[in-house]
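Engineer: fold the following, please.
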Amino acid sequence: MKMNHTDGHSIRRLAVTMGRFLVVGLVFVLAVACRLTPHSVSPDTTLAAETPATLLLPTATPRPAMTAPVGEGGAEPAAGAIDGAAPTALIVETALQMDGDLPIRQGVCFARSEIVPSLAAWRCRPGADNGAIVDPCLQQADGTLICDPAGDAFALALTSPLPAVEAPAGQDDRVAWRVTLPDPADERAQPLTCLRDLTPESVGGRPVTFVCPQEGAERIVLLGEPQRDAVWTVSLARLAPDGDTWQVVAESVATLSEARIYISPLDVAHDAGLVGTQVITYVPMQPGGPVQEGACWTNSLAVSSAYAWRCMVGDSISDPCFEIPSQPDRLVCEPDPLTDDPGFALQLAEPLPLPEGGVGAAGGPWLLELADGSRCGIATGATGAVDGERIGYLCTAEPGQTVGLVGRPASGMVTGAGTPLLWSARRAVLVMGDQGMTATEIAWVPVRAVVLGPQAYAPLDCSGLARDVAPLLGTSTTTSTVGFYDYVRDEGGAGCRVEATGDGADFANPVLTVDLLRDYLFGQGWEDDWAYVAGGPTGEAAGFRNDSGLCLVDVEWTPREGACPTDQLISACNPAPEDQAYTVRMTCAGDVYGGAVPTGGYALGLATPQRLEFPPGETRTAWQGVLDRGQVDRFIFRAREGQRIHLEIVSTPPGVVGISIVGAPDGTPLLSPTTAGTAWSATLSSSQDYVMRIAVRESATYTATLEIPPGE
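Structural biologist: Here you go, the predicted model:
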């Protein structure tokens, strides 16, 4: 792995050094201990005070001691008021970690939070339009929204995109969104937790900055901003209604045991002028300069691809080295697309072995540049784990500092409608001490650029196809470039798409429409590939090959709104032709490597995904599996846009199953690779096939249940 001629060797030396420690699991000593309810969340935090802090979710509201009302100037700290008080723990949160499976509710978000001053914080309304407003809902690195994190937390599945709204102020203006006050009368009592009010009203000319749990008709609030020192102090007041206003009936100076500031990767990116993450798709090319000679013995540990290799060049290991299309005896090694370093050419001294499939980035980026300018590459040696997740990347850092990325980078954050995706990564500063490896900082940070690829598929020229298909179907067509996923070969890339829409009066039925397109493709020299055939009551799919080209045809109809009862199976509904909304898609791509698969087959050692079938009249199917470590079960199912799927997997032993789901043929992730939880739900954005992978970290048996209700 090479960042540049200097940094690349540094990262390789770092990987070797860490490997010598033979670290199997890293013990991270964190200064935050969390005591959580079953449906609570814990934060990824940086503790800015050395005093340990404990997150306690109050079940009862204590009544802090207060003095009589004071004048408009507010309360002054009494002599000795903070004597002996423990320092206030300032906790900077960058994300929330789900503790167990959160319940999922559907809803919409309509405005920025009035509690948390962050680009990731929203005011949302679960359920129907008249549902109660929930604030805050905090967007996580993968795009998940976690609502009411300080109470009965739940995940919000959006029924419409986030709105486009103005960004909040910069980091210098960020303030605590949540503070905790100990009960001075009883140290064992639950503390008082108060939430920020970003649209405050005033009482006696002073703003109400925090609202605490209400006591009957009275309100407990904090007036003015907390005074920051080793021990934070604030004016704590009890208000009583006085006509249309509020009156202070008691007030005193209180100390804060804890203050929380939320700074998500979106906020850091905004402050750095970073709108979204640049995605670089690497295409192997013959570099200039001298050619070196070497041999490769296995697939790359840094890049998950059948076309990426781990090679010996002299007495050094080079990883990754990429096959160059149309040059079977030459590779390009250690390129760095982040710096436009083309790498060096490698002349093979012996033929490549049979591919095993990469085990590194697993389709994710193999190089990243963080917003602070540091660059990270795949750690190919032994590292360690944080919270059960491997340190997957090692980064450039200050002298004497070791920095890694925990787990996989995520690509789900947006600031609102129409804004580009922001990738983020969980950065950890690692320190080797007498007690082993520890982490002094762990936080989600924004990513400036990622390098993906190489891709196995590139778009074909669909202009002629679009011209021919339009009169054939009797309707207009559109063309576009989309993601492409070949679920039989388990390879991805980009493809061209020709799309036509209409209703049942324009198209006879899905089967006849596919047959019509089949006859056309046969005349152009294409042949059936039966591995891609699928069908159901509302759709039909087929695949065709021509030399190194693959064209996936999909014809689907959905009932127009109101045409079918929402609680009725689609197979039992027979809407009129004008109430059938048809979509015809032809997605075509060419194999960059010319279809010359060294194993002599399309599957590269992988079986064609097993199609899941639902019993007649049923919306649920279940199955069992047995997997050894490193094995993968692959399944495929078909569903419509707007339907909501529910998947549950229970394994023995528990907690060892990983799962991912992607659309086919567009390759859009529905569920990014994860081992968290045992149940997942998602709303489908497209009518197509979906490929599910189930893998295990150790030998296990599992039982899986997939449900797709008709009315969702």
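Engineer: so where do the strands sit in the stretch 501-650 of the chain?
Structural biologist: For the stretch 501-650 of the chain, the strands defined by DSSP state E, counting those that start in this stretch occupy 527-528, 534-536, 539-546, 549-559, 580-591, 610-611, 620-627, 632-639, 644-652.
Engineer: in CSV: these, plus distance to residue 685, mean neighbour count and mean pLDDT.
Structural biologist: For glycine as for every other residue, the C-beta is placed from the backbone atoms N, C-alpha and C. Conversion of those to CSV gives the following (distance: least, C-beta to C-beta, whole Å; neighbours: other C-beta atoms under 10 Å; pLDDT from 0 to 100):
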stretch, distance to residue 685, mean neighbour count, mean pLDDT
strand 527-528, 29, 12, 90
strand 534-536, 19, 16, 83
strand 539-546, 16, 21, 91
strand 549-559, 13, 24, 91
strand 580-591, 13, 24, 92
strand 610-611, 21, 13, 88
strand 620-627, 22, 13, 91
strand 632-639, 11, 19, 85
strand 644-652, 11, 17, 88
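Engineer: which one of those strands lies nearest to residue 319?
Structural biologist: Shortest distance between residue 319 and the strands of the stretch 501-650 of the chain, using C-beta to C-beta, is found for strand 632-639: 22.8 Å.
Engineer: chain center to the closest one, what's the gap?
Structural biologist: Between the centre of strand 632-639 and the centre of its chain there are 21 Å (C-alpha atoms, centre = their mean, to the nearest Å).
Engineer: phi first, then psi, for the residue nearest to the spatial centre of the chain.
Structural biologist: The central residue of the chain, meaning the one whose C-alpha is nearest the mean C-alpha position (C-alpha atoms, centre = their mean), is residue 142 at 2.3 Å. Taking degrees, to the nearest 10, you get phi -90, psi 10 for the backbone angles of residue 142.
Engineer: the helix or strand where residue 260 lies pairs with which strands, and in what direction?
Structural biologist: When secondary structure is defined using DSSP states H and E, the element that contains residue 260 is strand 258-262. In its sheet, strand 258-262 lies beside strand 89-98 (parallel), strand 178-181 (antiparallel), with partners assigned from DSSP bridges.
Engineer: one step back: got the strands of the stretch 501-650 of the chain as CSV, with distance to residue 295 columns?
Structural biologist: Compiled in CSV, the strands of the stretch 501-650 of the chain are given as follows (distance: least, C-beta to C-beta, whole Å):
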stretch, distance to residue 295
strand 527-528, 37
strand 534-536, 42
strand 539-546, 33
strand 549-559, 32
strand 580-591, 25
strand 610-611, 38
strand 620-627, 33
strand 632-639, 29
strand 644-652, 40
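Engineer: related to what we said a few turns ago, quick one: closest of the strands paired with strand 258-262 to residue 349.
Structural biologist: In terms of C-beta to C-beta, the element of the strands paired with strand 258-262 nearest to residue 349 is strand 89-98, at 47.7 Å.
Engineer: list the strands paired with whatever helix or strand comes next after that closest one, with their directions.
Structural biologist: The first helix or strand that comes after strand 89-98 along the chain, using DSSP H and E, is strand 104-112. Strand pairing for strand 104-112, using DSSP bridges, gives strand 121-126 (antiparallel), strand 154-158 (parallel).
Engineer: give the buried residues for strand 104-112.
Structural biologist: By neighbour count on 16 or more other C-beta atoms under 10 Å, the buried set for strand 104-112 is 104, 105, 106, 107, 108, 109, 112.
Engineer: between those, which is nearest residue 654?
Structural biologist: residue 104 (20.7 Å).
Engineer: the closest one bridge partners, please.
Structural biologist: Beta-bridge pairing of residue 104 under DSSP bridges involves residue 155.
Engineer: picking up where we left off before, could you dump the buried residues of strand 104-112 into JSON lines with pLDDT and distance to residue 318 added?
Structural biologist: Compiled in JSON lines, the buried residues of strand 104-112 are given as follows (pLDDT from 0 to 100; distance: C-beta to C-beta, whole Å):
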{"residue": "104", "pLDDT": "85", "distance to residue 318": "46"}
{"residue": "105", "pLDDT": "86", "distance to residue 318": "50"}
{"residue": "106", "pLDDT": "86", "distance to residue 318": "50"}
{"residue": "107", "pLDDT": "88", "distance to residue 318": "51"}
{"residue": "108", "pLDDT": "90", "distance to residue 318": "51"}
{"residue": "109", "pLDDT": "91", "distance to residue 318": "48"}
{"residue": "112", "pLDDT": "90", "distance to residue 318": "49"}
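Engineer: in contact with the closest residue to residue 274 other than its chain neighbours, which residues?
Structural biologist: Closest residue in space to residue 274, ignoring its immediate chain neighbours: residue 371 at 5.6 Å, by C-beta to C-beta, 6 or more residues apart in numbering. Applying C-beta atoms under 8 Å, 6 or more residues apart in numbering to residue 371 gives the contacts 268, 269, 272, 274, 445, 446, 447, 448.
Engineer: need the pLDDT of residue 371.
Structural biologist: As summarised for this prediction, residue 371 has a pLDDT of 94.
Engineer: now the helices for the stretch 101-250 of the chain?
Structural biologist: For the stretch 101-250 of the chain, no helices turn up when DSSP state H, counting those that start in this stretch is the criterion.
Engineer: let me see the ranges of the strands in it.
Structural biologist: 104-112, 121-126, 134-139, 145-147, 154-158, 178-181, 192-196, 202-203, 206-211, 219-227, 233-242, 245-255.
Engineer: how about stretch 202-217: buried residues?
Structural biologist: Buried residues in stretch 202-217, counting neighbours by 16+ other C-beta under 10 Å, are found at 203, 204, 206, 208, 209, 210, 211, 212.
Engineer: before we move on, back to that, most neighbours out of the contacts of residue 371, which is it?
Structural biologist: residue 447 (28 neighbours; other C-beta atoms under 10 Å).
Engineer: hmm, back to that, rank the strands paired with strand 258-262 by pLDDT, which is bottom?
Structural biologist: Within these, the stretch with the lowest mean pLDDT is strand 89-98, showing a mean of 84.
Engineer: now that strand against strand 134-139, angle please.
Structural biologist: Interaxial angle, strand 89-98 versus strand 134-139 (axes from the mean of the first three to the mean of the last three C-alpha atoms, to 10 degrees): 80 degrees.
Engineer: quick one on the thing from earlier: show me how far the strand holding residue 260 is from its chain's centre.
Structural biologist: Taking C-alpha atoms, centre = their mean, one finds the center of strand 258-262 at 24 Å from the center of the full chain.
Engineer: stretch 367-377 now?
Structural biologist: With C-alpha atoms, centre = their mean as the basis, the distance from the averaged C-alpha position of stretch 367-377 to the chain average is 18 Å.
Engineer: now stretch 384-404
Structural biologist: Using C-alpha atoms, centre = their mean, the offset of stretch 384-404 from its chain centre is 20 Å.
Engineer: buried set for that stretch?
Structural biologist: Going through stretch 384-404 with 16+ other C-beta under 10 Å, the ones that come out buried are 384-386, 390-397, 402-404.
Engineer: can you tell me the SS state at residue 381?
Structural biologist: coil (DSSP: H, G, I helix; E, B strand; the rest coil).
Engineer: repeat for residue 464
Structural biologist: At residue 464 the chain is in helix, as set by three-state DSSP.
Engineer: burial measure for it, as a count.
Structural biologist: Neighbours of residue 464 using other C-beta under 10 Å come to 10.
Engineer: next one: it, what pLDDT does it get?
Structural biologist: According to the prediction, residue 464 has pLDDT 82.
Engineer: what's the spacing between it and residue 475?
Structural biologist: Here the criterion is C-beta to C-beta, to the nearest Å. By it, residue 464 lies 17 Å from residue 475.
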